[in-house]
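Requesting a structural model of the entry that follows:
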Amino acid sequence: MELEQRVKTLEYEMRILKNEIQRTVTEVQEHIVAQYAAQAAAAAAAAAKPAEPTAPALKPASLADIRRVQSDIAADEQHAYNKRLETWAKGSIERVGSGRVGRLVTYFDERGYLLEGDKKLLIELVAKQDDNGPIKAPLTQVLDMVLKLDELIGRTADGEEALQIIEEANLG
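This next block holds a predicted model:
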C-alpha cells in the first residue's frame, strides 16, 4: 500500500515537471510572437508617421535565435536532470553504501537501461566515495533506491521487478 502511494506520488511529481517544461516552452514561444507583434506595430507606426524619426526596430527572431533558445532550454533541462541523478546517488550512498549503488549502476548499465552520460556521471559519483556501506541494509531502503533510479531514468518498474533486480544484483 505504501509503495503504491509512493509510485502515485512520483507519477504526480513527474506530471508537474512535464507541465513546467511545457509552460517554459510556451513562454518562449509567446516571447517570440511578442517580438514579431512589436516589430509589426513599429512598422505600422512608421508608415503612419513617416515625417517623425522612429525608434530602431526590434530585431526579428531568426531560426538560429529560436534554435539557440531551444538549445538553452534543453541544456537547462539536462542540468536539472543531472542534478537529480547526483542527489539520488549521494542520498543512496549515504543510506546503503557506495558498493550497493555501484552494483546497481553496473546492473542497469549491463541491461542497457542507462544512457552513456548517465552511466559516467553515476560511476564518477560512486568512485568518489570510500564507504562501502553497512553490511546489511534495510530492504525498504534498497527497494526505494531501485525504484527511484527507475523513475529518474524514465523506466516503469513495479515492486516485483525491483525485488528481482535486488536479488540479481546482490543488493540485499
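
Could you point out which residue ranges in this protein have low pLDDT?
Residues of the chain that meet the criterion pLDDT under 70 lie in 1, 47-57, 130-134.

okay, now the domains of the chain?
The chain breaks down into these domains under automatic domain parsing: 1-60, 62-172.

Give me whichever of those is most buried.
Ranked by mean neighbour count, the domains of the chain are led by domain 62-172 with a mean of 15 (mean count of other Cβ atoms under 10 Å). Heads up, the C-betas are built off the backbone N, CA and C, glycines and all.

now the helices for the chain?
Secondary structure of the chain by DSSP state H: the helices cover 2-48, 63-96, 98-110, 116-127, 139-152, 159-168.

The longest one packs against which elements?
Using 3 or more Cβ pairs under 8 Å, 6 or more residues apart in numbering; DSSP states H and E, the elements in contact with helix 2-48 are helix 63-96, helix 139-152.

And those: which comes nearest residue 5?
Nearest to residue 5 among the helices and strands packed on helix 2-48 is helix 139-152; the distance by Cβ to Cβ comes to 12.3 Å.

hmm, back to that, now the helices and strands packed on helix 2-48 in a markdown table, with distance to residue 170?
Shown next, in a markdown table, are these (distance: least, Cβ to Cβ, whole Å):
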| stretch | distance to residue 170 |
| --- | --- |
| helix 63-96 | 12 |
| helix 139-152 | 11 |
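
Cool, thanks, signing off.
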